[in-house]
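1. Okay, predicted coordinates and the sequence, questions at the end:
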Amino acid sequence: MSARKLTSSVSSPCLIALLFYLLFASSARSGEPCSQSDTSDTGKVSRLYLRDGSELYGAVIAETSDSLMFKTVSGLKLTVARTQVKNIEVLTGRVIDGEYRRVDPNRTRLLLAPTGRPLRAGQGYFSAYEIFFTFFSVGVTDFLSFAGGLTLLPGAEDQLFYLAPKLTLPLHSEAVNIGAGIVYGNVFSSNSSGAGFVYGVGTFGSQYAAVTVGLGYGFAEGEFASKPVLVLGGETQVSSSIKLVTENWFAVGADSKLLSFGIRFFGEHLAADLGFMYPLSDEGGMSGFPFLPWVGFVYNFGTAN
């Protein structure tokens, strides 16, 4: 068997194994919420801002008229005068191994493909993929979002626009999220009916480690493709600001694949993805440099859930 055929034949099983490793190998450290011993009786984590610029993570466990007792995530109890407190913010992250880990603000997408997670009402983001492909999305309700964007290709006589509404099921579950949507695109000056993609997607796991499975059909000029495209993705958060992401496309009934792996760096609102994509077919992969670079920048607004 040639090296190319061997690579093609083992890529799918190895990929599936990788996805489940990303989900389950990290579930012990990232799937458990804050314990009551780490924070308050409610298990919520708060950030205490002091007037000297210091920040503490933990919970308020007792209060008086002129002071409060604050228990940090490491278990240290401090009495703080109210005159020293600037603000207290309740957070959505969790304490894992004694460390506070924020929620990825860009959790509704892998590198490009959507996850099954919803944008809540008032949440949204602005993104730029490969610099020239802009995208804006906003949650209209807790389970319905509208998105769209356009290309900004320098020197191009015309630009592409695209629309992408998405509906998610009201499951009220972190472990299971199911959604469906449409991606439609066309050129501004075109007389054609454009092209697009109709899909369903499910994400299974926590905010910190999950597997995403999607299935969709492309369409153009009013006709749908006879066979679907399968998307398999996975994510695992390794620190408070770093997540590993993989996103992979398989044309059902064909030997064409698009494999990818990336690293996401994020803060409270901004996320940046650096990834590598690898097209693969019966003829093998790319010649020359073996990967297509992927870069994405996303600014998220609204409160994470």
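-> Great, that's in hand. These numbers were taken from a predicted model, which means no experiment stands behind them.
2. And for the most centrally placed residue in the chain, nearest residue in space, chain neighbours not counted?
-> By C-alpha atoms, centre = their mean, the chain has its centre lying nearest to Arg107, at 2.8 Å. Nearest non-adjacent residue to Arg107, counting by C-beta to C-beta, 6 or more residues apart in numbering: Arg117, 5.5 Å away. From N, CA and C alone the C-beta is placed, and that goes for glycine too.
3. Would you mark the buried spots in stretch 60-75?
-> For stretch 60-75, the neighbour count (16 or more other C-beta atoms under 10 Å) marks Val60, Leu68, Phe70, Lys71, Thr72, Val73 as buried.
4. farthest pair in those?
-> Across the buried residues of stretch 60-75, the longest distance by C-beta to C-beta is 16.4 Å; it joins Leu68 and Val73.
5. Model confidence score at Val198, please.
-> On pLDDT, Val198 comes in at 97.
6. for Leu19, same thing?
-> On the pLDDT scale, Leu19 is placed at 58.
7. now Leu292
-> If you check Leu292, the pLDDT there is 91.
8. Who are the contact partners of it?
-> Taking C-beta atoms under 8 Å, 6 or more residues apart in numbering, we find Leu292 in contact with Phe276, Met277, Tyr278, Pro279, Met286.
9. Buried ones from those, can you make that a PyMOL selection?
-> Only the buried entries of the contacts of Leu292 go into this PyMOL selection, using 16+ other C-beta under 10 Å:
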select buried, resi 276+277+278+279
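10. Out of the contacts of Leu292, which is nearest to Ala195?
-> Sorting those by distance to Ala195 puts Pro279 at the head of the list, at 19.6 Å, by C-beta to C-beta.
11. Can you pull out the low-pLDDT segments for this structure?
-> Counting by pLDDT under 70, the chain contains low-confidence residues at 1-43, 282-289, 303-305.
12. run the last query once more with 80
-> Confidence mapping of the chain against pLDDT under 80 gives the ranges 1-44, 92-93, 95-100, 281-290, 303-305.
13. can you pull out the helices in it?
-> 3-24, 27-30 (DSSP state H).
14. now the residue nearest to Thr134 when sequence neighbours are not counted, which residues is it bridged with?
-> Spatially, and ignoring its direct neighbours in sequence, Thr134 is nearest to Gly149 (4.6 Å; C-beta to C-beta, 6+ apart). Following DSSP bridges, Gly149 is listed with bridge partners Tyr162.
15. Name all residues that make contact with the residue nearest to Arg107.
-> Contacts of Arg117 (C-beta under 8 Å, 6+ apart): Arg107, Thr108, Thr168, Asn177, Gly179, Thr203.
16. pretty sure the third one is touching Val201, no?
-> This means Thr168. No: applying C-beta atoms under 8 Å as the test, Thr168 and Val201 come out as separate, 9.1 Å apart.
17. Mind listing the shared neighbours of these two?
-> Here Thr168 and Val201 share the contacting residues Gly116, Ile178, Gly179, Ala180, scored by C-beta under 8 Å, 6+ apart.
18. What separation is there between Glu157 and Phe204?
-> 44 Å (C-beta to C-beta, to the nearest Å).
19. of the two, who's got more company?
-> Using other C-beta atoms under 10 Å, the more surrounded residue of Glu157 and Phe204 is Phe204, with 15 against 7.
20. Dig out what that one forms beta bridges with.
-> Val176, Val211.
21. Distance check, it against Lys166.
-> 18 Å.
22. Which residue ranges make up each domain of the chain?
-> 3-33+104-301, 45-92 (automatic domain parsing).
23. which one of the ones you listed is the most hemmed in?
-> Sort the domains of the chain by mean neighbour count, taking mean count of other C-beta atoms under 10 Å, and domain 3-33+104-301 sits at the top with a mean of 17.
24. Would you mind confirming that Ser241 makes contact with Glu268?
-> No: assessed by C-beta under 8 Å, Ser241 is found out of contact with Glu268, at 9.7 Å.
25. Give me the common contacts of the two.
-> Common contacts of Ser241 and Glu268, defined by C-beta under 8 Å, 6+ apart, comprise Arg102.
26. re earlier: okay, the shared contacts of Thr168 and Val201 in TSV with distance to Glu247 next?
-> Compiled in TSV, those are given as follows (distance: C-beta to C-beta, whole Å):
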residue	distance to Glu247
Gly116	14
Ile178	18
Gly179	16
Ala180	18
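27. Report the contact partners of Leu153.
-> Phe132, Gln159.
28. what about it, distance to Ala147?
-> 20 Å.
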